[in-house]
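> just a sequence and a predicted model for now, questions to come.
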Amino acid sequence: MENEGQTVYIDSTETGSRADPSGPAKDGKITLTFLNNNLEARADFFPAQNGGAPITPEYISEVLEDKKVRFGIRQDEIDRAYEKCVHAREAVKDVLVAQGEPPFNEIPEYLQLNPMLEQRNLVSVKDTDTVDHRARSPFIIVKKDMALAKLKHRKPGRDGTNVHGESIGYHSTHPEGLLAGGENTRMEDRYLYSTINGQLVISNKIVSVRDSLVISGSVGYGTGNIIFPGNVEIHGEVSDGFKIYSGGSVTIKQTFDVTDAVTRGDLNVAGGIIGRGRALVKVGGNLKTRFIDNCRVACRKSVSVDLEIVNSKIFTLETLVMGDRGRIVGGEIYALKGVRAGGIGRKTGKAARIHCGVDFTLEQEKEKNNGMLRILAAKLNHLRALMEDPHLDEEKRAKMETLLRRLESEQDKAQGKVSEILGQLNAFQDAVVEVKGEIVPGTLIEICQGSLLVGEPLRRVRIRLENNKLVTEKL
């Protein structure tokens, strides 16, 4: 509808046949702006000035119709702006007068990674936190039967409509989805599961789980500590301060500067093991390396060292085998089935102690119980001294007697355990020590309960147990 004397402004463009607003009297007006590909129509409402014609509902309808605003009209917003503009004579700007419906894009079916796996290796750090960066790891380790990804069903698309009532076509959106079919995974219902414990690997969008972890470089702050349920292969060095825990075997192709290492399977170190006097290595299988320096090693199977063992404690439930020139310098060796070495001791070095035929796990259990017996003996002596006080009241004496009986019972159990261990300690009387080179004076060699303190150099000898005594014979 068009009223005499009023000019319509749309998008700052003058339309209609109203009077020129530049005169003394200025009519009210609205201006329209279209946004977001015509999904929104916003208006500014201006009141009349100097006796000009005010905005009317008919005028507003004429403006909307003139610009073909026909869909999603927000009449409540228009009415509120109209009332404020006409009655309060205030300009009202940026009013949403019409809003279309945007299209919804089609999303095809895709496989989405478990969000927990994306966040697993992120560490939240506050300014006040002290963070051990060795605990950070770039590897994602998953467990058997863990959900790796979820199949997201297809979402159909829907056309939209703009404020002019025109249809807006939808498109297809393709998320960065993954693909099933990788090794050690299975698809069940809508979920992709891991069939093993291992490392999650995504290559060319294919999700796989590997039972081995291969590190092409060195172990350091770039990798963090290595904690892996399967086999580990490290091509570079292992820096001091970093720990390795493996549920399989570990292969290190250079030097192993060990801090703490535990492997359920074998440990193969091409370079050598440096312990710096504080390291502990536990091996569930065989150990093979070039040298061991200032380290404590416990191995369930054989230990093979090519060159040298220096100031180290070696425990094995089988045999320590060294190269033809391999030498033991200082430290202690516990080898259940014996030792074969190129030499033992060095004239200027510390004396070595060799223990064979004894199960070191039982030996450690014996020492543990002996330590407990020493503590119990001290407590009992102290308690008995207190009970000799003639002024001790009966209630306290009764409590002390109860404690005395309990400590004596614990003492009997520990003594019985030590006696039981002693009966099992000599587990392999056929153990032998064979040395192709020289055993230097000062070396102590024990096989079961037989012992030999070497007083003169021994060369190319075999030492074995015979009638509870150690005998030597030429190789």
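Everything's here; your move.
> strands along the stretch 351-475 of the chain, start to end?
When secondary structure is read from DSSP state E, counting those that start in this stretch, the stretch 351-475 of the chain shows strands at 353-356, 432-439, 444-447, 450-453, 458-466, 469-474.
> just name the most buried of the ones you listed.
Among those, ranked by average contacts under mean count of other Cβ atoms under 10 Å, first place goes to strand 353-356 (a mean of 24). C-betas here are computed from N, CA, C, even on glycine.
> the strands of the stretch 351-475 of the chain: which one's closest to residue 173?
strand 353-356 (70.9 Å; Cβ to Cβ).
> so what touches the closest one?
328, 331-339, 344, 363, 428, 431-433, 443-448 (Cβ atoms under 8 Å, 6 or more residues apart in numbering).
> repeat that with 6 Å
Contacts to strand 353-356, defined as Cβ atoms under 6 Å, 6 or more residues apart in numbering, come from residues 332, 333, 334, 335, 338, 339, 431, 433, 444, 445, 446, 447.
> what's the longest helix in the chain?
helix 394-425 (DSSP state H).
> which residues touch the closest residue to residue 326 other than its chain neighbours?
Setting aside the residues directly before and after it, residue 326 is nearest to residue 342 in space (Cβ to Cβ, 6 or more residues apart in numbering), at 4.6 Å. Taking Cβ under 6 Å, 6+ apart, we find residue 342 in contact with 322, 324, 325, 326, 327, 436, 437.
> then residue 414?
By Cβ under 6 Å, 6+ apart, the neighbours of residue 414 are 369, 372, 373.
> same check, this time on residue 170
103, 105, 157, 158, 159.
> I figured the second one hits residue 158, correct?
No. Counting by Cβ atoms under 6 Å, no contact exists between residue 105 and residue 158, whose distance comes to 8.8 Å.
> and the two most separated of the contacts of residue 170?
The widest separation within the contacts of residue 170 (Cβ to Cβ) is 10.7 Å, between 105 and 159.
> JSON lines please, covering the strands of the stretch 351-475 of the chain and showing mean pLDDT and distance to residue 255.
What follows is the strands of the stretch 351-475 of the chain, written out as JSON lines (pLDDT from 0 to 100; distance: least, Cβ to Cβ, whole Å):
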{"stretch": "strand 353-356", "mean pLDDT": "92", "distance to residue 255": "26"}
{"stretch": "strand 432-439", "mean pLDDT": "93", "distance to residue 255": "26"}
{"stretch": "strand 444-447", "mean pLDDT": "92", "distance to residue 255": "31"}
{"stretch": "strand 450-453", "mean pLDDT": "90", "distance to residue 255": "35"}
{"stretch": "strand 458-466", "mean pLDDT": "92", "distance to residue 255": "32"}
{"stretch": "strand 469-474", "mean pLDDT": "90", "distance to residue 255": "37"}
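> okay if I get those strands as a markdown table plus distance to residue 377?
Shown next, in a markdown table, are the strands of the stretch 351-475 of the chain (distance: least, Cβ to Cβ, whole Å):
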| stretch | distance to residue 377 |
| --- | --- |
| strand 353-356 | 26 |
| strand 432-439 | 36 |
| strand 444-447 | 27 |
| strand 450-453 | 27 |
| strand 458-466 | 33 |
| strand 469-474 | 33 |
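> residue 294 is nearest to which of those strands?
Using Cβ to Cβ, those put strand 353-356 closest to residue 294, at 15.9 Å.
> partners of that closest one in the sheet?
Here strand 353-356 has these sheet partners by DSSP bridges: strand 332-335 (parallel), strand 444-447 (parallel).
> what is the neighbour count of residue 323?
Look at residue 323: counted by other Cβ atoms under 10 Å, it has 16 neighbours.
> my read is that it contacts residue 308, right?
No. Taking Cβ under 6 Å as the definition, residue 323 is not a contact partner of residue 308, at 9.3 Å.
> low-scoring stretches of this protein, by residue?
1-24, 119-138, 424-426 (pLDDT under 70).
> residues contacting the closest residue to residue 301 other than its chain neighbours?
Nearest residue to residue 301, sequence neighbours excluded (Cβ to Cβ, 6+ apart): residue 286, at 4.5 Å. Contacts for residue 286 (Cβ under 6 Å, 6+ apart) come out as 266, 301, 302.
> closest to residue 74 out of those residues?
Using Cβ to Cβ, the contacts of residue 286 come closest to residue 74 at residue 266, 74.6 Å.
> kindly state the domain boundaries assigned to the chain.
8-99, 110-124+131-210, 215-361, 363-425 (automatic domain parsing).
> of all the ones you listed, which one is nearest residue 455?
domain 215-361 (11.9 Å).
> quick check: the gap between the closest residue in space to residue 155 that isn't next to it in sequence and residue 172.
With sequence-adjacent residues excluded and distances taken as Cβ to Cβ, 6+ apart, residue 155 is closest to residue 107, at 4.2 Å. Separation of residue 107 from residue 172 (Cβ to Cβ, to the nearest Å): 8 Å.
> compare the two (neighbour count), which wins?
residue 107 (17 against 10).
> you'd agree that one is up against residue 173?
Yes. Using Cβ under 6 Å, residue 107 is in contact with residue 173, at 5.3 Å.
> count of neighbours near the residue lying closest to residue 240 once chain neighbours are set aside?
Spatial nearest neighbour of residue 240, excluding adjacent residues (Cβ to Cβ, 6+ apart): residue 257 at 4.4 Å. By the criterion of other Cβ under 10 Å, residue 257 has 21 neighbours.
> can you check residue 167 too?
There are 10 residues near residue 167, going by other Cβ under 10 Å.
> who are the neighbours in contact with it?
Contacts of residue 167 by Cβ under 6 Å, 6+ apart are residue 159.
> number the chain from 791, please
Sounds good: first residue 791 from here, last item residue 957.
> how about it, phi and psi?
phi -80, psi 140 (degrees, to the nearest 10).
> what's the separation between it and residue 1242?
The value you get for residue 957 to residue 1242, if Cβ to Cβ is used, is 100 Å.
> please apply the same query to residue 1133.
Taking Cβ to Cβ, one finds residue 1133 at 16 Å from residue 1242.
> try residue 1255
From residue 1255 to residue 1242 the distance is 10 Å (Cβ to Cβ).
> which stretch of helix or strand covers residue 1069?
Taking DSSP states H and E as the criterion, the element that holds residue 1069 is strand 1062-1073.
> quick one: that strand to chain centroid distance?
Distance of strand 1062-1073 from its chain centroid, counting by Cα atoms, centre = their mean, to the nearest Å, is 23 Å.
> likewise stretch 944-959?
On Cα atoms, centre = their mean, the centre of stretch 944-959 falls 46 Å from the chain's centre.
> my guess is residue 855 is in a strand, correct?
No. In this structure, residue 855 is helix, not part of a strand, as judged by DSSP: H, G, I helix; E, B strand; the rest coil.
> count of neighbours near it?
11.
> phi first, then psi, for residue 987.
Taking degrees, to the nearest 10 as the convention, residue 987 sits at phi -80, psi 130.
> how much space between it and residue 973?
For residue 987, the distance to residue 973 - Cβ to Cβ - is 14 Å.
> got the strands paired with strand 1143-1146 as a markdown table, with distance to residue 936 columns?
A markdown table is the format used below for the strands paired with strand 1143-1146 (distance: least, Cβ to Cβ, whole Å):
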| stretch | distance to residue 936 |
| --- | --- |
| strand 1122-1125 | 41 |
| strand 1234-1237 | 50 |
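> which one of the ones you listed lies closest to residue 1035?
That would be, of these and by Cβ to Cβ, strand 1122-1125, which comes in at 23.5 Å.
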